[in-house]
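Peer 1: Curious how this folds, go ahead:
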Amino acid sequence: MILNPYNPLEPVDDPALFFGQEAAFAFFRQNLVGAAHHHALVLIGRRGLGKSSVARQLRYQVDDRYRVAVISLGTYEISSEEALIAGWIEDIRLSLDQAEVSTYRLPEWPEDEEASLRDWFDTVYLDIALTALRHRHLLLVIDDAHLMLQAIQRGALPADWLHYLAGLLEHHSRLDLVFTLDAAFEDQTLTTELMNDPALHFRLAELSLADAERIIREPMDQACCLYEEGTIRQILDWAGGHRFCCIRFAACSFAAPRNGISAGQSLNTI
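Peer 2: From the prediction side, this is the model:
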């Protein structure tokens, strides 16, 4: 049985299955050149354009001086600052392990309940993590960063949380932050200290039709399967350059013959 190579609900991890958005990667390569930043780089886009997939592809696109840790806030339950920091610690450790960076010196969670968790994360954990990286930078990519803004608004995170993150950048010249942000929250960037440098913002656009066609065609080619005649053109006419829609329609088209219907019938039901 051939597995469906299209999953519109999951970001793309495999670089062989990611197509397009060269301008976004050029933006990050232009701004991540080893210099210290005092603001987060912000990737802004509408839902479904591929922000989370771009976040996961950064490790293959940026300079070798950077080790990338993707923190997917959509998988978190942001109930408190303590819970958020605990999740970040785990994601950083996992990312460093995957990059074959020694993590045996990374400290365990502090036992002293009276100690400041913020100070420990700043002056102990990050110091040791950056030392383990030697001359390299730690690039924390906070996917769905608007979830932090919502957590602040409902009181799950303290009001000064983003100010604390800005302080981390001030203290650690080899720490960098990238936020992916839903376009609905773009207005808040210029009123937030950590994100108020518009030169470090990039707005994600829809794919070119050529890249959209590659997203539709090439996973099918790799699975040694063929589309029914006219199916790709039909998908492009309906989805345009919207990444999620392209992948969703392609997934339905792939599954259709295996469900006993034509791809055209399947697309007409969406």
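Peer 1: C-alpha only now, for contacts and for neighbours.
Peer 2: Will do.
Peer 1: Leu49: what secondary structure?
Peer 2: Look at Leu49: counting by DSSP: H, G, I helix; E, B strand; the rest coil, its state is coil.
Peer 1: May I have the strand or helix carrying Leu43 exported as CSV, CA atoms only?
Peer 2: Per DSSP states H and E: Leu43 is located in strand 41-45. C-alpha atoms of strand 41-45 as CSV (Å, rounded to 0.1, in the frame of the first residue of the first chain):
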residue,chain,number,x,y,z
LEU,A,41,12.9,38.6,13.3
VAL,A,42,9.3,38.2,12.5
LEU,A,43,7.7,36.1,9.7
ILE,A,44,4.1,37.3,9.2
GLY,A,45,1.5,35.5,7.1
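Peer 1: how many other residues sit next to Glu170?
Peer 2: 15 (other Cα atoms under 10 Å).
Peer 1: before we move on, what about Phe185?
Peer 2: Neighbour count of Phe185, defined by other Cα under 10 Å: 14.
Peer 1: is it fair to say it lies in a helix?
Peer 2: Yes: counting by three-state DSSP, Phe185 is located in a helix.
Peer 1: thinking again about what came up before, so which elements touch the strand holding Leu43?
Peer 2: Secondary-structure packing of strand 41-45 (3 or more Cα pairs under 8 Å, 6 or more residues apart in numbering; DSSP states H and E): helix 51-61, strand 175-182, strand 201-203.
Peer 1: partner strands of the second one, parallel or antiparallel?
Peer 2: Its sheet considered, strand 175-182 pairs with strand 41-45 (parallel), strand 137-143 (parallel) by DSSP bridges.
Peer 1: and the first one, how far from the chain's centre?
Peer 2: By that I understand strand 41-45. In terms of Cα atoms, centre = their mean, to the nearest Å, the centre of strand 41-45 is set 10 Å apart from its chain centre.
Peer 1: which of the helices and strands packed on strand 41-45 sits most buried?
Peer 2: The highest mean neighbour count among the helices and strands packed on strand 41-45, using mean count of other Cα atoms under 10 Å, belongs to strand 175-182: a mean of 23.
Peer 1: which residues touch that one?
Peer 2: 36-37, 39-47, 51-52, 55, 130, 137-146, 168-169 (Cα atoms under 8 Å, 6 or more residues apart in numbering).
Peer 1: Stretch 131-149: end-to-end distance?
Peer 2: Start-to-end span of stretch 131-149 (Cα to Cα, to the nearest Å) is 30 Å.
Peer 1: elements contacting the helix or strand containing Asp237?
Peer 2: Assessed by DSSP H and E, Asp237 sits inside helix 231-239. Other helices and strands packing on helix 231-239, by 3+ Cα pairs under 8 Å, 6+ apart, are helix 209-222, helix 243-255.
Peer 1: go again using 10 Å as the cut-off
Peer 2: Applying 3 or more Cα pairs under 10 Å, 6 or more residues apart in numbering; DSSP states H and E, one finds that helix 231-239 contacts helix 209-222, helix 243-255, helix 263-268.
Peer 1: avg pLDDT for the second one?
Peer 2: When the per-residue pLDDT values of helix 243-255 are averaged, the result is 86.
Peer 1: pLDDT wise, what is the closest residue in space to Arg174 that isn't next to it in sequence at?
Peer 2: With Cα to Cα, 6 or more residues apart in numbering as the criterion, Arg174 has its nearest non-adjacent residue at 4.5 Å, and that residue is His137. pLDDT for His137: 96.
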